[in-house]
Structure formats: structure tokens, C-alpha cells
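J.: need the 3D shape of this:
(chains A and B)
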Amino acid sequence: MTGMPETRRITEGDEIPVAVLRDLLFGVLRHDALHDALIERMDFHARREQLDPEGLSAALPEMVGDVLAVATRDDWLAVAEAFVEGFRDATGEEAGP
Amino acid sequence: MSPSWIEIDEEVLTEIRALATAFVDSPNDALRRVFELDPAERPSCAPLPCAGPPRKPSAPPAGPLPRARAGDILPMEDYELPLLRALAARRGSAPRSAVVESVAEILGDRLTPLDRGRLQNDEVRWENRLGFARLRAIERGEMRGDSRRGIWELTEVGQGRLRRQEDEEAGRASAEAGS
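T.: Below you'll find the model as predicted:
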């Protein structure tokens, strides 16, 4: 089988291979912040014999979104500061103000 | 040069992963180094980590991976005490990832190669099973079910079970020493 990987378009000229996108989703859903909630949800539906991928897939975006939605400006700032520090470390830049 | 998709098994993928830098190298980059080829002129393959070749949305869903047979993996009940011990060693409360680390140390070689294998979602099989062992521990009242996200916590019931287990083990050890 030959061919370019299937992609999703993010913006004009910016595409992400589906395999990379799905790897991100797996990584997010395996994270401590979501893993237990996901297992609990599957267990809840399995006990009612209602566990199926179609139903679960409809709930996943909301599960991820709910956690992202509670991140405050301070949380994003803390993350941004760490990345900027990493950038400066890599480029040998002095720490900014 | 257009890329071609090949199927490789988990062992080979693990070897390639070890040679490649996630999100920087593609499997192709890693293998080109192995074969002492010059780097590709332009990237044409998805970088690692990669869940596998893309499936077209219209393609039928892949069937479930073959399930591990009961005797080939650690039974669920064998997770119970290591899980409680791991929590007790961390003063009764710890992030899930830290508990996973401690349980791995406690179980050691009892985890079989199949336990250490990866599932379709790329999760290590025994770590996934540990998540379900936590659920069962919550049902038995040995772990809290209302902990904050990502935090696993031992209850009084769990501590009591551990104490009884330790007393039993101490009793057996002293009986053996006396005989």
C-alpha cells in the first residue's frame, strides 16, 4: 500500500497527519487528569451493557474540553513561562524581565 | 520519493522508537540512520510516536486485539495488595502516575511480557488493568472514590486490610522460624 498519510487541515497550509493527531488524543486521555474519569465512565456504561465506541466517542471531546475549560489565565501563563524558559535555555538567551 | 506503509510487530516498533526522537524523527529517519543512508531530502513520513498507519474513515473499524489468556497475565486479584501497599508507602495518597511507578517496583518480575505489552490505545496492558483494580478497590471501600482528579487515596478500610495482611505474614514468619 502506497500513499501519503491522511491529514486533517488546521489552517491554510497547516495540516496534521491523522496518526499524529490520534496520538495526541490518546496521550491526553491517558493523562492522570482524565484516565480515571474515562475508566469510571466505561465501567458505568459496561454495567448497564451500554458500552460502545460510538457512544463513548461522543463523550470524549466534552471530557477533554471540561478540563481545558477550568484552566485559568494563571495556569496558561505558568505553562507559557515554562515554555519560554525552555526556549531561552535552548537558544542561550538571557532570562527576560 | 513517496512513502510506503509496512506492517511491523510491537517488538520492532519498540526498537525503532528507541532509535528515534519523538515528534522530531520519523521511523524512516531512524531506519535511514541504521542503514547508514543520508538523511531524507525532505520529510515525507509521519514523526514518532505514531499510532499506526492512517485508516480511511470509510474503512471498517479494526477488530479488537487478541485478548491475553488468563494464565498469561497477572490475575486482577494480584494487583490488590501491591496497590494498597504502594499507596501506604506514599502516606495513603499520591498521583496516579506515582502509584503506577510504585506498583511496578512491587510487582517486578511478576508482570509477564504480555502484561508489559501495549494495547491498541498504546497504553501498557498492566497499567490499564491497574486502573480497573482501583475501581474494584473503591467498591470494596479500600480506596476513596471521591478523590480529586488524578489522585489515588487509601481509606481506613484499605489500611485495615493491609495491617491484617502484615499481621498474618508476621505470624507465618514467626511460626516458620519456630519450627
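J.: what's near enough to touch the residue sitting nearest the centre point of chain A?
T.: Among the residues of chain A, the one closest to the centroid is A:Val28, at 4.0 Å (C-alpha atoms, centre = their mean). Residues counted as contacts of A:Val28 (C-beta atoms under 8 Å, 6 or more residues apart in numbering or on different chains) are A:34, A:64. For the C-beta atoms, the positions are set from N, CA and C on the backbone; glycine is no exception.
J.: do the same with the one 5 residues further on
T.: With contacts defined as C-beta under 8 Å, 6+ apart, A:Ala33 is in contact with A:67, B:149-150.
J.: give me the three-state assignment for B:Ala94.
T.: On the three-state scheme (DSSP: H, G, I helix; E, B strand; the rest coil), B:Ala94 is labelled strand.
J.: and the pLDDT for it?
T.: For B:Ala94, the pLDDT comes out at 96.
J.: tell me how far it lies from B:Ala86.
T.: With the distance defined as C-beta to C-beta, to the nearest Å, B:Ala94 ends up 8 Å from B:Ala86.
J.: tally of neighbours for B:Asp78?
T.: 15 (other C-beta atoms under 10 Å in any protein chain shown).
J.: just give the nearest non-adjacent residue to it, would you?
T.: Nearest non-adjacent residue to B:Asp78, counting by C-beta to C-beta, 6 or more residues apart in numbering or on different chains: B:Arg110, 6.9 Å away.
J.: which ones among the contacts of A:Ala33 lie within strands?
T.: Among these, DSSP state E puts none in strands.
J.: highest neighbour count among those residues?
T.: In terms of neighbours by other C-beta under 10 Å, these top out with B:Gly150 at 17 neighbours.
J.: not counting its neighbours along the chain, what's nearest it?
T.: Nearest to B:Gly150 is A:Asp32, by C-beta to C-beta, 6+ apart, at 3.4 Å.
J.: can you pull the pLDDT of that neighbour?
T.: For A:Asp32, pLDDT reads 94.
J.: wait, doesn't it sit right on B:Arg149?
T.: Yes - look at A:Asp32 against B:Arg149 with C-beta atoms under 8 Å: they come within range, at 7.3 Å.
J.: measure the residue in chain A that chain B sits nearest to to A:Ser57 for me?
T.: Here the residue of chain A nearest chain B is A:Asp32; by C-beta to the nearest C-beta that distance is 3.4 Å. To A:Ser57, A:Asp32 is 22 Å away according to C-beta to C-beta.
J.: up against chain B, what does chain A have?
T.: Chain A has residues A:1-6, A:17-20, A:22-23, A:26, A:29-37, A:39-40, A:43, A:53, A:67 near chain B, with proximity defined as C-beta under 8 Å from any C-beta of the partner chain.
J.: quick revisit: hang on, the residue nearest to B:Asp78 packs against B:Leu74?
T.: Yes - with contact defined as C-beta under 8 Å, B:Arg110 reaches B:Leu74; the gap is 5.8 Å.
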